[in-house]
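[1] When you get a sec, could you give me coordinates for this:
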Amino acid sequence: MTTIPTPPAGTIQAPTSPRRLLSRRSRTSSVSLHAVLAVCAFIAVFPVLWIFYISLGPDKNDYQHPSRILSNATLDNYTYVLQKTDFGTWMLNSIIVAFGTTLVGVLIAASAGYAVSRMKFLGRGSLMYTFLLTQMFPVAVLMVPLYKIMGSLGLLDTYGGLIVIYCSTAVPYCAWLLKGYFDTIPAEIDEAGRIDGLTPFGTFWRLILPLARPGLAVAAFYTFITAWGEVAFASKFMLTEPRYTLAVGLQSYISQFNSQWNYLAATSVLIAIPAAAVFYVVQRHLVAGLTAGGTKG
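    Okay, here's the model as predicted:
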């Protein structure tokens, strides 16, 4: 007969609770996850903080000796940029081009995405793949033909010409994004609009677009960023200083024999403020718009 050993008198064995084990695992996983996220956040924020730190240095070579900046930090670089350069003109030009591109680009992309999502017409599939094909060409390949086209149309050194070029870059991606988002909106809404006597455009404008706000927010943000920070096209197609955008104006701080890194850093920080403001406005729609737009082809 087998005997089961009994614990010594006065001791109580507390069984390990599965809930306690799960709690320990959850706590460990949570700490590990937060540690990884903290490292990722630091990697993302560090370049921005570093540029801001460099912008406080009074000398153009302080970036080579960052320890000097802490004891000599000043906002004189921002004062110089705002008062003694054409920063205001650059900012106004960039705002005109960026918001013009956003308005025109999102309207075209939404119209194209809705048409492909709802209408059956010859070349429907080819149209979307043509949009995708345009994204494969690098800027260097497009520069010369676009320059000749803009020159023949008299659009060089104009806001309209730069807006058209930026739309040609942003619209294909946004059309794909919005087409996927429109696919998630039930087609019965279109039928209800037609029953109520709305035209196809009226259904699109009054019923579909309000439901597609998250997707439109993502498309608008992408289009705005595309136009706001672009350098190559702006530097070649805007030929006179009164037409320079912010990205082109930054180049005035860099020459063959002189590089004013402190002013460049200060201007970079100022350029980032409007982009951050736009992101703050649309950020609550970004996740919903990106995930919904990727659920269907």
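[2] which residues touch the spatially most central residue of the chain?
    Centroid check for the chain by Cα atoms, centre = their mean gives residue 222 as the closest residue, at 4.5 Å. Contact partners of residue 222, counting by Cβ atoms under 8 Å, 6 or more residues apart in numbering, are 170, 173-174, 177. C-beta here means a position set from N, CA and C on the backbone, and glycine is covered the same way.
[3] Ok, residue 63 next?
    Residue 63 neighbours (Cβ under 8 Å, 6+ apart): 54, 57, 261-262, 265.
[4] Tabulate those (a markdown table), appending neighbour count.
    A markdown table is the format used below for these (neighbours: other Cβ atoms under 10 Å):
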| residue | neighbour count |
| --- | --- |
| 54 | 20 |
| 57 | 25 |
| 261 | 19 |
| 262 | 25 |
| 265 | 24 |
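[5] Okay, and which of those map to strands?
    Assigned to strands by DSSP state E, none of the contacts of residue 63 qualify.
[6] now, which of those sits nearest residue 108?
    residue 265 (36.2 Å; Cβ to Cβ).
[7] can you give me the helices for the stretch 1-150 of the chain?
    Along the stretch 1-150 of the chain, the segments classed as helices by DSSP state H, counting those that start in this stretch run 18-55, 69-72, 76-84, 87-118, 124-134, 139-152.
[8] for those helices, which one sits closest to residue 206?
    Distance to residue 206, taken as Cβ to Cβ, is lowest for helix 87-118 among the helices of the stretch 1-150 of the chain, at 12.8 Å.
[9] buried sites along that closest one?
    Neighbour counts over helix 87-118 (16 or more other Cβ atoms under 10 Å) mark 87, 89-91, 93-94, 97-102, 104-106, 108-110, 112-118 as buried.
[10] go on, stretch 186-200?
    For stretch 186-200, a neighbour-count test (16+ other Cβ under 10 Å) marks 190, 193, 198 as buried.
[11] tell me which element the last one is part of?
    It stands for residue 198. Here residue 198, judged by DSSP states H and E, is contained in no helix and no strand.
[12] repeat for the second one
    Using DSSP H and E, residue 193 sits in helix 188-195.
[13] who touches residue 219 in this structure?
    105-106, 109-110, 174, 177-178, 289.
[14] what's the closest non-adjacent residue to it?
    The shortest distance from residue 219 to any non-neighbouring residue, by Cβ to Cβ, 6 or more residues apart in numbering, is to residue 174 (4.0 Å).
[15] same check, this time on residue 235
    residue 248 (4.9 Å).
[16] just residue 115 next, same as before
    Nearest residue to residue 115 in three dimensions, chain neighbours excluded: residue 121, at 7.7 Å (Cβ to Cβ, 6+ apart).
[17] what's stretch 93-105 in contact with?
    Everything outside stretch 93-105 that qualifies as a contact, by Cβ under 8 Å, 6+ apart, is 159-160, 162-163, 166-167, 170-171, 174, 219-220, 223-224, 226-228, 234, 238, 243-247, 271, 274.
[18] cool, and stretch 126-143?
    112, 116, 168, 171-173, 175-176, 179, 232-233, 236.
[19] Look up how far residue 274 lies from the residue nearest to residue 271 when sequence neighbours are not counted.
    Distance criterion Cβ to Cβ, 6+ apart; nearest residue to residue 271, sequence neighbours excluded, is residue 246 at 5.0 Å. Per Cβ to Cβ, to the nearest Å, residue 246 is found 9 Å from residue 274.
[20] No more questions from me, cheers.
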